[in-house]
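Novice: build the 3D model from these lines:
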Amino acid sequence: MDSIGELRSRLRGFAEARAWGRFHTPKNLAMALSGEAGELIAELQWLDDTAVADGLANGELTGRLADEAADVLLYLVQFAEATGIDLVQAAHDKIDRNESRYPPHLAHGNATKSTEL
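Specialist: Next up is the predicted model:
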């Protein structure tokens, strides 16, 4: 199972088996998503780049980050389901907009906002 659709289906079945649908409103899911993103951030908050690289290289950090990243993804997929958003299409549409906002000849190698390019 490696597609967003399969993941969405599995999540739907998981929630239905537990009668959690009434809790999965867009507002509640957005707040849960934000909380999980905060937990992902907390794993990295006080580490410098070297400590992160070392933690990933030796596996000490990888499992914790994977768990938190998975939580973010799961809530994002549920949020998209609750709001009728096609995540893959929305992502492609966003890249299309960004390609015009950040043309390579202006954006290459710099992190300037598109409004300042």
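Novice: may I have the helix or strand of the chain with the lowest mean pLDDT exported as CSV, CA atoms only?
Specialist: For the chain, counting by mean pLDDT, DSSP states H and E, helix 104-107 ranks last in confidence among helices and strands (a mean of 91). Taking C-alpha atoms only, helix 104-107 is exported to CSV below (Å, rounded to 0.1, in the frame of the first residue of the first chain):
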residue,chain,number,x,y,z
PRO,A,104,14.8,29.9,-12.0
HIS,A,105,16.7,32.9,-13.5
LEU,A,106,15.5,35.0,-10.5
ALA,A,107,15.2,32.5,-7.7
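Novice: and that helix, how far out from the chain's middle?
Specialist: Distance of helix 104-107 from its chain centroid, counting by C-alpha atoms, centre = their mean, to the nearest Å, is 26 Å.
Novice: name the surrounding residues that touch that helix.
Specialist: Residues from elsewhere that reach helix 104-107 (C-beta atoms under 8 Å, 6 or more residues apart in numbering): S114, L117. Where C-beta positions appear, they are placed from N, C-alpha and C, glycine not excepted.
Novice: swap the cut-off to 6 Å and go again
Specialist: L117 (C-beta atoms under 6 Å, 6 or more residues apart in numbering).
Novice: in it, what's buried?
Specialist: Buried positions in helix 104-107, judged by neighbour count with 16 or more other C-beta atoms under 10 Å: none.
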